[in-house]
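# could you look at this predicted model? Sequence included:
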Amino acid sequence: MAPTIRIDNDVYAWLQKKARAFEDTPNSVLRRVAGLDSQRQTAGTASPAPVAGVQELAPRVSRGRSGLTGQQLNEEWKVGAQHALYHADGTWYENLKRFPGALFDRHGYVLFENAESFKKNPFLNIGEKTNVQRGISQIPGYVVKRAIAHREG
(Lines give C-alpha, C1' and ligand atoms only; values in the text may rest on other atoms or scores of the structure.)
Protein backbone atom coordinates (compact mmCIF):
# COMPACT_ATOMS: atom_id res chain seq x y z
CA MET A 1 0.00 0.00 0.00
CA ALA A 2 1.29 3.44 -0.92
CA PRO A 3 1.92 5.93 1.89
CA THR A 4 -0.64 8.64 2.61
CA ILE A 5 0.53 12.24 2.67
CA ARG A 6 -1.34 15.28 3.93
CA ILE A 7 -1.03 18.65 2.22
CA ASP A 8 -2.36 22.08 3.12
CA ASN A 9 -4.95 24.05 1.12
CA ASP A 10 -2.34 26.16 -0.69
CA VAL A 11 -0.48 23.09 -1.98
CA TYR A 12 -3.77 21.47 -2.98
CA ALA A 13 -4.82 24.59 -4.93
CA TRP A 14 -1.42 24.58 -6.68
CA LEU A 15 -1.89 20.91 -7.63
CA GLN A 16 -5.32 21.72 -9.07
CA LYS A 17 -3.84 24.47 -11.25
CA LYS A 18 -1.26 22.01 -12.61
CA ALA A 19 -3.78 19.20 -13.22
CA ARG A 20 -5.08 18.22 -16.63
CA ALA A 21 -8.88 17.94 -16.49
CA PHE A 22 -10.34 14.41 -16.57
CA GLU A 23 -6.84 12.97 -16.69
CA ASP A 24 -4.70 13.64 -13.63
CA THR A 25 -4.54 12.45 -10.07
CA PRO A 26 -2.53 14.32 -7.43
CA ASN A 27 0.17 11.66 -7.87
CA SER A 28 0.35 12.05 -11.66
CA VAL A 29 0.66 15.86 -11.33
CA LEU A 30 3.53 15.48 -8.87
CA ARG A 31 5.25 12.89 -11.12
CA ARG A 32 5.00 15.22 -14.12
CA VAL A 33 6.20 18.31 -12.22
CA ALA A 34 9.07 16.31 -10.67
CA GLY A 35 10.08 15.04 -14.11
CA LEU A 36 9.57 11.40 -13.16
CA ASP A 37 7.45 10.55 -16.22
CA SER A 38 9.91 12.21 -18.62
CA GLN A 39 12.73 10.16 -17.08
CA ARG A 40 10.75 6.99 -17.82
CA GLN A 41 10.18 8.03 -21.43
CA THR A 42 13.86 8.78 -22.09
CA ALA A 43 15.25 5.76 -20.24
CA GLY A 44 15.07 3.57 -23.34
CA THR A 45 13.44 0.16 -23.41
CA ALA A 46 14.58 -1.00 -19.98
CA SER A 47 11.82 -0.87 -17.38
CA PRO A 48 12.70 1.01 -14.21
CA ALA A 49 12.82 -0.98 -11.01
CA PRO A 50 9.66 -0.57 -8.93
CA VAL A 51 10.05 1.77 -5.97
CA ALA A 52 8.50 0.46 -2.77
CA GLY A 53 5.28 2.31 -1.94
CA VAL A 54 5.08 4.16 -5.26
CA GLN A 55 2.33 3.19 -7.65
CA GLU A 56 3.60 2.57 -11.18
CA LEU A 57 2.06 5.04 -13.61
CA ALA A 58 2.64 5.17 -17.34
CA PRO A 59 2.52 8.63 -18.89
CA ARG A 60 -1.15 9.43 -19.17
CA VAL A 61 -3.01 9.93 -22.40
CA SER A 62 -6.52 11.33 -22.37
CA ARG A 63 -8.80 8.40 -23.02
CA GLY A 64 -12.14 9.96 -22.10
CA ARG A 65 -14.49 11.94 -24.28
CA SER A 66 -13.62 15.62 -24.40
CA GLY A 67 -15.72 17.60 -21.92
CA LEU A 68 -17.45 14.51 -20.52
CA THR A 69 -19.31 15.04 -17.25
CA GLY A 70 -20.87 12.81 -14.64
CA GLN A 71 -24.26 14.33 -15.41
CA GLN A 72 -23.96 13.28 -19.06
CA LEU A 73 -23.22 9.68 -18.05
CA ASN A 74 -25.93 9.80 -15.38
CA GLU A 75 -28.47 10.66 -18.07
CA GLU A 76 -27.02 8.37 -20.76
CA TRP A 77 -26.87 5.34 -18.45
CA LYS A 78 -30.14 6.25 -16.63
CA VAL A 79 -28.55 6.01 -13.17
CA GLY A 80 -30.92 8.45 -11.46
CA ALA A 81 -28.36 10.27 -9.31
CA GLN A 82 -29.09 13.77 -7.99
CA HIS A 83 -25.36 14.59 -8.07
CA ALA A 84 -23.04 12.90 -10.57
CA LEU A 85 -19.26 13.35 -10.85
CA TYR A 86 -16.79 11.98 -13.42
CA HIS A 87 -13.06 11.25 -13.44
CA ALA A 88 -11.57 9.09 -16.22
CA ASP A 89 -9.50 6.95 -13.84
CA GLY A 90 -12.03 7.03 -11.01
CA THR A 91 -9.51 8.26 -8.43
CA TRP A 92 -10.15 11.95 -7.71
CA TYR A 93 -13.46 13.81 -7.32
CA GLU A 94 -15.15 16.79 -5.78
CA ASN A 95 -17.31 15.68 -2.82
CA LEU A 96 -20.85 14.51 -3.48
CA LYS A 97 -23.37 16.93 -1.98
CA ARG A 98 -26.79 15.60 -3.08
CA PHE A 99 -28.07 12.04 -2.89
CA PRO A 100 -28.49 9.62 -4.35
CA GLY A 101 -25.06 10.54 -5.71
CA ALA A 102 -22.81 8.73 -8.17
CA LEU A 103 -19.10 8.66 -8.97
CA PHE A 104 -18.35 7.72 -12.58
CA ASP A 105 -15.22 6.59 -14.39
CA ARG A 106 -14.89 5.65 -18.07
CA HIS A 107 -16.13 2.10 -17.48
CA GLY A 108 -18.93 2.42 -14.94
CA TYR A 109 -20.11 3.97 -11.68
CA VAL A 110 -20.85 3.58 -7.99
CA LEU A 111 -24.14 4.88 -6.60
CA PHE A 112 -24.42 6.11 -3.01
CA GLU A 113 -28.02 6.20 -1.79
CA ASN A 114 -27.37 8.68 1.01
CA ALA A 115 -24.69 10.87 2.61
CA GLU A 116 -23.96 8.32 5.31
CA SER A 117 -23.16 5.52 2.84
CA PHE A 118 -20.83 7.93 1.01
CA LYS A 119 -19.07 9.29 4.12
CA LYS A 120 -18.62 5.89 5.75
CA ASN A 121 -17.36 4.02 2.69
CA PRO A 122 -13.93 2.60 3.61
CA PHE A 123 -12.68 2.83 0.01
CA LEU A 124 -13.05 6.63 -0.02
CA ASN A 125 -10.67 9.14 1.53
CA ILE A 126 -12.94 12.16 1.95
CA GLY A 127 -11.46 15.50 2.87
CA GLU A 128 -11.65 18.71 0.89
CA LYS A 129 -11.93 16.38 -2.14
CA THR A 130 -12.64 12.67 -2.51
CA ASN A 131 -9.68 10.43 -3.28
CA VAL A 132 -10.12 6.78 -4.24
CA GLN A 133 -6.65 5.25 -4.17
CA ARG A 134 -7.27 2.31 -6.51
CA GLY A 135 -10.25 3.77 -8.34
CA ILE A 136 -13.97 3.32 -7.90
CA SER A 137 -13.94 -0.01 -9.76
CA GLN A 138 -12.60 -1.56 -6.52
CA ILE A 139 -15.67 -0.49 -4.52
CA PRO A 140 -18.30 -3.18 -3.91
CA GLY A 141 -21.41 -2.21 -5.86
CA TYR A 142 -19.45 -0.81 -8.82
CA VAL A 143 -21.55 -1.19 -11.97
CA VAL A 144 -19.64 -1.89 -15.19
CA LYS A 145 -21.24 -0.24 -18.19
CA ARG A 146 -18.75 0.03 -21.06
CA ALA A 147 -15.52 1.65 -22.11
CA ILE A 148 -15.90 5.23 -23.30
CA ALA A 149 -14.25 5.77 -26.65
CA HIS A 150 -12.20 8.91 -27.24
CA ARG A 151 -13.86 11.41 -29.59
CA GLU A 152 -11.53 13.23 -31.91
CA GLY A 153 -12.07 16.98 -32.39
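It's in.

# now do the strands in the chain.
83-86, 92-93, 101-104, 108-112, 125-126, 130-131, 143-144 (DSSP state E).

# which strands and helices sit next to the longest one?
Yep, that's strand 108-112 we're talking about. strand 101-104, strand 143-144 (3 or more CB pairs under 8 Å, 6 or more residues apart in numbering; DSSP states H and E). To be clear about C-beta, it is placed using only N, CA and C from the backbone, and glycine gets the same treatment.

# likewise for the first one?
Secondary structure elements in contact with strand 83-86, counted by 3+ CB pairs under 8 Å, 6+ apart, are helix 70-76, strand 101-104.

# just send the strands of the chain back as TSV, with distance to Gln16 too.
TSV is the format used below for the strands of the chain (distance: least, CB to CB, whole Å):
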stretch	distance to Gln16
strand 83-86	15
strand 92-93	10
strand 101-104	18
strand 108-112	23
strand 125-126	17
strand 130-131	13
strand 143-144	28
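
# identify whichever of these lies nearest to Gly35.
Minimum separation from Gly35 across the strands of the chain (CB to CB) falls at strand 92-93, 21.4 Å.
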